[in-house]
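# what's the 3D shape of this:
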Amino acid sequence: MAGAVKRYMEIELPRQIRRKVEEDTGQLLDSIRYVVKRDGEDSVTVSMTISAPYTRFLEYGTQYMPPKRFVKNTRQNVKRNIRRGLEAAFFAVLGGEGEQ
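Take a look at the predicted model:
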């Protein structure tokens, strides 16, 4: 499960951020680090840090620019999509259709 979550993060995290933030140098995406940690047989924790020095200005805005809220929104979207994917896989293994 942790491997599937990590692969998802490698693909979906940059995609989600690119939707919210115009990126010209790649510094923001290059500064993202995450760790996927297995907490048990059926649980994982994902920790993410973004070290680009201007991250907080993009997230919260300034007097000259509105907030992008890309960290909070991306975290919520990725969490929801991972949960849906895992639920679908779980129900597929069981042969059921799952809850919709």
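
# When you work out contacts or count neighbours from here on, use the C-alpha atoms and nothing else.
Noted.

# any idea how far D30 is from A88?
Separation of D30 from A88 (C-alpha to C-alpha, to the nearest Å): 31 Å.

# Between these two, which has more neighbouring residues?
A88 (17 against 12; other C-alpha atoms under 10 Å).

# could you give the mean pLDDT of the helix or strand hosting that one?
Taking DSSP states H and E as the criterion, A88 maps to helix 70-94. Per-residue pLDDT over helix 70-94 has a mean of 78.

# residues making contact with it?
5, 8-9, 12-13, 16-17, 20-21, 58-59, 97-98 (C-alpha atoms under 8 Å, 6 or more residues apart in numbering).

# and the helix or strand harbouring R18, what does it pack onto?
If you go by DSSP H and E, R18 is part of helix 2-20. Other elements packing on helix 2-20 under the criterion 3 or more C-alpha pairs under 8 Å, 6 or more residues apart in numbering; DSSP states H and E are strand 32-40, helix 70-94.

# would TSV of those with distance to G26 be doable?
Converted to TSV, the helices and strands packed on helix 2-20 look like this (distance: least, C-alpha to C-alpha, whole Å):
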stretch	distance to G26
strand 32-40	10
helix 70-94	15
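
# Select, out of these, the one closest to Y64.
Nearest to Y64 among the helices and strands packed on helix 2-20 is helix 70-94 (17.5 Å), distances taken as C-alpha to C-alpha.

# Mind listing what's buried along the closest one?
70-71, 74-75, 78, 82, 88 (16 or more other C-alpha atoms under 10 Å).

# Also stretch 47-64?
For stretch 47-64, by 16+ other C-alpha under 10 Å, it's 50, 55-56, 58-59.

# Pull stretch 33-51 out as CSV, backbone CA atoms only.
Written as CSV, here are the backbone C-alpha positions of stretch 33-51 (Å, rounded to 0.1, in the frame of the first residue of the first chain):
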residue,chain,number,x,y,z
ARG,A,33,9.9,16.5,-0.2
TYR,A,34,7.5,13.9,1.1
VAL,A,35,7.8,10.7,3.1
VAL,A,36,5.4,7.9,2.9
LYS,A,37,5.5,5.9,6.1
ARG,A,38,3.8,2.6,6.8
ASP,A,39,2.1,2.9,10.2
GLY,A,40,0.8,-0.7,10.3
GLU,A,41,-0.6,-3.3,8.1
ASP,A,42,-3.3,-1.1,6.6
SER,A,43,-2.3,2.5,7.4
VAL,A,44,0.2,5.0,6.0
THR,A,45,1.1,8.5,6.8
VAL,A,46,2.4,11.1,4.3
SER,A,47,4.5,14.0,5.5
MET,A,48,5.2,16.8,3.0
THR,A,49,7.6,19.8,3.2
ILE,A,50,8.1,22.6,0.7
SER,A,51,11.3,24.5,1.2
